[in-house]
Every structure is written in C-alpha cells, then in structure tokens.
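1. no FASTA, just this:
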C-alpha cells in the first residue's frame, strides 16, 4: 500500500573520483594543521578529489593556477560526474537503456554553467529526453530536490524523475584556509523517483530556510568557499535535531520507530553530537564522512546509495541535511 500512495526511490547510484587526499597531505602544506589536529576536530581521515595532490599544491601556492587547471579538467565536468554515478545506477538496475520521457533535476553547489541549466547538460550527456531543470539549495539540495520532485510526480504518474547531485568542492577551495579545505571532498549521487515500485518510499519531506543568514556560507562568483565555521556548526546541530523531531511528530512517529539515521556529511564530530542528542545508538547511524569528507549535496544521498543492499522491508530511515542559505530539510523513507 505504501508504494501506491507514495513516490518511491527505485534506484540510486554514487561515484567518487580516484584521488585520495589524506590528513598527512594537508599537514605537509604548512597551513598549521597536523593530521592529529584535523582528525580530532572533524573526525575526517581521507577524502576524494578531482585534483591530484600536485594540482592542489599548485593552487595553494599560486591561486591563479586554478583557472588553468579547470580549463584542462573537462573529464571532471558536472555532466561527466553525473554520468559516472548514473552508470553505477544502471548497473544496479541491470538495464541497458532508459527510454521514455524524463524529468531531470540537478542540485549542485559548484555548477559549470550559468546557462543552460546544468540539468540540461547532464540530460544531453546521458541521452535522456524530457524536461531538465536546476533546483539548487547547496548542501540541502537532495532533500529540496526530493521535496519538489515528489509533487511533480503527481502531475504525471508515468513519469520517471532523475535527481542528480554532483559536487566538486575541490575546484573552489582556498587551500591556505585550514578551517575549510580539510573538510571537503568530491562525490556524485543520483536517484530515480517513480510512482510505485520497489525501493525507498518517500513518506514525507519538509524543507526550511533562514535567508537572513545567507552570508554565513558562501562561494562568491569567481572566488573560493568561505564560512563562519563555529556559528554554522552550532546552527547545523540545532536545526538537524529540530527538523528530525518535527518531521517525526508530523508523522506520528518517535525516534523509537527509526531504524537508521543519515545526516549531512559535514563533520563526524558534529554528527556524533546529533546522534547522541537524538537518542540513537551507533549502529543506527550511517555515514561516510570519515573516508570521503564533506561532499556537499552529494554526501547524504551517497550514504543512501552505498547502503542500498542493506535495506530490508519495513526499514525506516530518517535523513536530515543542512546547507548554505541557510537551508535545511528532512525526509522519512521506508523500504518497500
């Protein structure tokens, strides 16, 4: 019955670039961060990057080198990133072609294009026909995209929706800023949303924003990432907890009804604080930030995809994300 009443995520894919950047590398940059200092404060050990260590060193020493590197890195453009995740999704569903009309949605913090919509470029790369639009809310994009997509699905219940969240923060980092550059990694996730079927039924979604704090986490045009770290982390912990409690209450559920929790993959120490305050145990907490860093909008859906074979019928998953804007959102998913 759930599968008939709710939109269902019927498949997911994820992908990470091949270059591993560990804490020892950042210690070697001479930015005042030892490997132990990074792990103690963030819980992150490694992350993946579209850039090699040599390229990161070049950017750190000569920021103008980034423009030259970006011009030569078309293999890491946003469409290729989405294509890699989509290939994993196709393999999982064991299908060779994806015919019919699609709605393709892209949510990314680091777009390649002002126009056309990055979703149009992705759809062209994948050979998909239909409507393609960008719906971006930085690190909150997956839940925001899901929130709008499930409503769009009601307009045409035969439609298939592809949500893409490709992220490459490596291309917009200031590698002399130890407070930010040690946090981020690159990754890509995609999800197929359909009306019914087997997968994760979307029981509910809720999204929020606080525009007055739009200057707290920024990537100004042509410049690098910056955030007010302490204030943002405090905000993220508070809003993750309040959003989780609110969506549970709205659906007449309690934390006792939750099998698994997935949060925004910003910082492992932050996530541990949230899990403790929500009253969850370690076995219920699924994350990948320790090995992959903060992957922006891709982080939470990457965790969902990586654990796709784990889900058993009836499993209930609470997923909460926080992002620039400031924005945040929550969803409840159930295996059907």
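-> All right, it came through fine. Since this is a predicted model, take the numbers as computed values, not measurements.

2. Next up, the contacts around the nearest residue to residue 169 once chain neighbours are set aside.
-> Leaving out its chain neighbours, the residue that sits closest to residue 169 by Cβ to Cβ, 6 or more residues apart in numbering is residue 184, at 3.9 Å. In this view, the C-beta of every residue, glycine as well, is placed from N, C-alpha and C. Each residue near residue 184 by Cβ atoms under 8 Å, 6 or more residues apart in numbering is listed here: 47, 169-170, 173, 225, 293-296.

3. what's the answer for residue 93, then?
-> Counting by Cβ under 8 Å, 6+ apart, residue 93 touches 10-11, 192.

4. at 6 Å what do you get?
-> residue 11 (Cβ atoms under 6 Å, 6 or more residues apart in numbering).

5. could you pull out the strands for the stretch 151-300 of the chain?
-> For the stretch 151-300 of the chain, the strands defined by DSSP state E, counting those that start in this stretch cover 160-168, 186-195, 200-209, 217-218, 226-227, 260-263.

6. any idea which of the ones you listed is most buried?
-> With neighbours defined as mean count of other Cβ atoms under 10 Å, those peak in mean count at strand 160-168, which reaches a mean of 28.

7. got the contact list for residue 21?
-> Contact analysis of residue 21 by Cβ under 6 Å, 6+ apart lists 47, 49.

8. ditto for residue 163
-> Residue 163 makes contacts with 105, 145, 191, as judged by Cβ under 6 Å, 6+ apart.

9. at 10 Å what do you get?
-> Residues near residue 163 by Cβ atoms under 10 Å, 6 or more residues apart in numbering: 9, 12, 103-107, 119, 135, 141-142, 144-146, 148-149, 189-193, 297, 301.

10. Take those and keep only those in helices.
-> 119, 141-142, 144-146, 148-149, 301 (DSSP state H).

11. Which of those has the largest number of neighbours?
-> Tallying neighbours with other Cβ atoms under 10 Å puts residue 301 at the head of these, with 33 neighbours.

12. So for that residue, what's the nearest residue that isn't a sequence neighbour?
-> Spatial nearest neighbour of residue 301, excluding adjacent residues (Cβ to Cβ, 6+ apart): residue 189 at 3.7 Å.

13. hey, what's the one you found bridged with?
-> Counting by DSSP bridges, residue 189 is bridged to residue 14, residue 165.

14. what does residue 49 give?
-> Under the criterion used (DSSP bridges), residue 49 bridges to residue 19.

15. List the contacts of the strand or helix carrying residue 130.
-> Take DSSP states H and E as the rule and residue 130 turns out to sit in strand 129-134. Contact with strand 129-134 is made by 98-108, 111, 113, 116-124, 126, 141, 145, 148, 152, 159-162, 164, as judged by Cβ under 10 Å, 6+ apart.

16. ok, back up a step: could you export the strands of the stretch 151-300 of the chain to JSON lines, including columns for distance to residue 317 and mean pLDDT?
-> Putting these into JSON lines (distance: least, Cβ to Cβ, whole Å; pLDDT from 0 to 100) gives the following:
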{"stretch": "strand 160-168", "distance to residue 317": "16", "mean pLDDT": "95"}
{"stretch": "strand 186-195", "distance to residue 317": "13", "mean pLDDT": "96"}
{"stretch": "strand 200-209", "distance to residue 317": "7", "mean pLDDT": "97"}
{"stretch": "strand 217-218", "distance to residue 317": "26", "mean pLDDT": "95"}
{"stretch": "strand 226-227", "distance to residue 317": "28", "mean pLDDT": "94"}
{"stretch": "strand 260-263", "distance to residue 317": "5", "mean pLDDT": "98"}
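
17. quick one, which of the ones you listed is nearest to residue 249?
-> Among the strands of the stretch 151-300 of the chain, the nearest to residue 249 by Cβ to Cβ is strand 200-209 (10.7 Å).

18. Show me what the closest one is packed against.
-> helix 2-5, strand 7-15, helix 141-152, strand 186-195, helix 229-250, strand 316-323, strand 327-335 (3 or more Cβ pairs under 10 Å, 6 or more residues apart in numbering; DSSP states H and E).

19. strand partners of that strand, parallel vs antiparallel please.
-> When DSSP bridges is applied, strand 200-209 pairs with strand 7-15 (antiparallel), strand 327-335 (antiparallel).

20. need those strands in a markdown table with distance to residue 283, can you?
-> What follows is these, written out as a markdown table (distance: least, Cβ to Cβ, whole Å):
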| stretch | distance to residue 283 |
| --- | --- |
| strand 7-15 | 22 |
| strand 327-335 | 17 |
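
21. Tabulate the ones you listed (a markdown table), appending distance to residue 273, mean pLDDT and mean neighbour count.
-> Below are the strands paired with strand 200-209 laid out as a markdown table (distance: least, Cβ to Cβ, whole Å; pLDDT from 0 to 100; neighbours: other Cβ atoms under 10 Å):
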| stretch | distance to residue 273 | mean pLDDT | mean neighbour count |
| --- | --- | --- | --- |
| strand 7-15 | 26 | 95 | 25 |
| strand 327-335 | 16 | 98 | 25 |
